[in-house]
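>>> Sequence first, then the predicted structure:
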Amino acid sequence: MRLTLESGGDIAALVRGAGGESLVVVISPMLDALTMAQARASIAPLAVELAPSTRLNAVVPGEEADPADIDAAVAFLEQAQSTTGQVLEIGKR
């Protein structure tokens, strides 16, 4: 399931409120530096919390990220059954 963390969002609440075997959070590049750092740092601990029933990963699109590349990264992470707690950066930062 694809989730999107927007400005002002709480990643822990977003993830804990979702269900499914695989969660992929797209972290908006429009977040301020502190919120971005907190979101990125939260992925691994939240993945441990949700394991083994749910896998959690994230995609961080850069400024010039192509939407098709973001979609491909999300699709890959949803199908990568042995991958959890990872953050993929797509495009330029």
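Received the coordinates, thanks. Residues are numbered from 1 along each chain as shown.

>>> SS state for the residue in the chain sticking out farthest from the centre?
Relative to the centre of the chain, the most outlying C-alpha is that of residue 64, 17.9 Å out, by Cα atoms, centre = their mean. Three-state assignment for residue 64 (DSSP: H, G, I helix; E, B strand; the rest coil): coil.

>>> quick one, what contacts it?
91-92 (Cβ atoms under 8 Å, 6 or more residues apart in numbering). Every C-beta, even on glycine, is put in place using the N, C-alpha and C of the backbone.

>>> One more pass at 10 Å, please.
Residues in contact with residue 64 (Cβ atoms under 10 Å, 6 or more residues apart in numbering) are 29, 90-93.

>>> same thing with residue 41?
Contacts of residue 41 were listed using Cβ under 10 Å, 6+ apart, and they are 11, 87.

>>> State the helix or strand in which it lies.
In the assignment (DSSP states H and E), residue 41 maps to helix 33-50.

>>> Great, nothing more from me.
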